[in-house]
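# Fold the following for me, if possible:
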Amino acid sequence: MAKTIIETPNAPAPIGPYSQAVRVGDTVYISGQIALDPATGVLETNNLEAETHRVMKNLGAILQAAGLDYTHVVKCSIFLSDMGSFSRVNAVYGDYFGTQPPARETVEVSVLPKQVNVEISAIAVATA
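All right, here's what the predicted structure looks like:
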C-alpha cells in the first residue's frame with residue numbers, strides 16, 4: 001500500500017524530519033503534538049489545561065486535514081513530564097472523546113520537546 005503524507009497549516013509544522021501524519025490505507029498515524037500555536041509559533045505552556053487543549057486542537061486540525069475527526073481515533077499515546085499532572089490532562093483529554101474513547105497509554109518521561117509538559121500522538125482509522 002502507498003503512504004500519503006498529511007499536512008495542514010492549521011497545526012504546527014514539524015520541528016524535525018517527520019510528517020504531521022501519514023496515511024496508509026484507512027489508517028492515519030499522527031505524530032506527537034505539543035502546544036505550539038500554528039498561527040503564531042508560540043508555545044502555550046503557562047497553564048496545563050490550556051496547553052492540553054492546544055495539543056488536542058492540533059491533533060484535531062490534522063484529523064480534519066485527513067477528512068476525519070476525534071471519533072475515528074482508535075489509539076493515543078500521552079507523554080507527560082510529570083505524572084502528577086495526570087488528572088488535569090486527563091480531564092481535558094476526556095472532553096474530546098465521547099462515551100467510546102480510544103485505547104491509550106500515559107507515561108512520564110524525563111523531558112519533552114521544547115520543555116513542554118504534555119505531548120500526544122494518535123492513530124485514527126477512517127472506517128472506525
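
# Only the buried residues of the longest helix belonging to the chain, if you could.
If you go by DSSP state H, the chain has its longest helix at helix 48-65. Buried residues in helix 48-65, counted by 16 or more other C-beta atoms under 10 Å: 48, 51-63, 65. Using the backbone N, CA and C atoms, a C-beta is placed for each residue, glycine as well.

# With stretch 116-128 instead?
Val116, Asn117, Val118, Glu119, Ile120, Ser121, Ala122, Ile123, Ala124.

# Contacts for that stretch, please.
Residues outside stretch 116-128 that contact it (C-beta atoms under 8 Å, 6 or more residues apart in numbering): 26-35, 43, 45, 48, 51-52, 55-56, 59, 63, 66-68, 71-82, 85, 89, 93, 102, 112-113.

# what about burial for those, which qualify?
Buried members of the contacts of stretch 116-128, counted by 16+ other C-beta under 10 Å: 27-35, 43, 45, 48, 51-52, 55-56, 59, 63, 66, 68, 72-73, 76, 78-81, 85, 89, 93, 102.

# In strands, which of those residues appear?
Thr27, Val28, Tyr29, Ile30, Ser31, Gly32, Gln33, Val73, Cys76, Ile78, Phe79, Leu80 (DSSP state E).

# how about the third one, what does it touch?
By C-beta under 8 Å, 6+ apart, the contact set of Tyr29 is Ala21, Val22, Arg23, Ser121, Ile123.

# Mind listing the residues bridging to it?
In this entry, Tyr29 is beta-bridged to Val22, Ile123, by DSSP bridges.

# One more: the last one?
Legend: beta-bridge partners of Leu80 under DSSP bridges are Glu108, Val118.

# Val111 is in contact with that one, correct?
No - using C-beta atoms under 8 Å, Leu80 makes no contact with Val111, being 11.3 Å away.

# which residues of this structure score low on pLDDT?
128 (pLDDT under 70).

# can we see that at 80?
1, 128 (pLDDT under 80).

# Distance check, Ser121 against Thr40.
Distance, Ser121 to Thr40, using C-beta to C-beta, to the nearest Å: 23 Å.

# Let me fix that, I meant to ask about Ile5.
Distance from Ile5 to Thr40, by C-beta to C-beta: 24 Å.
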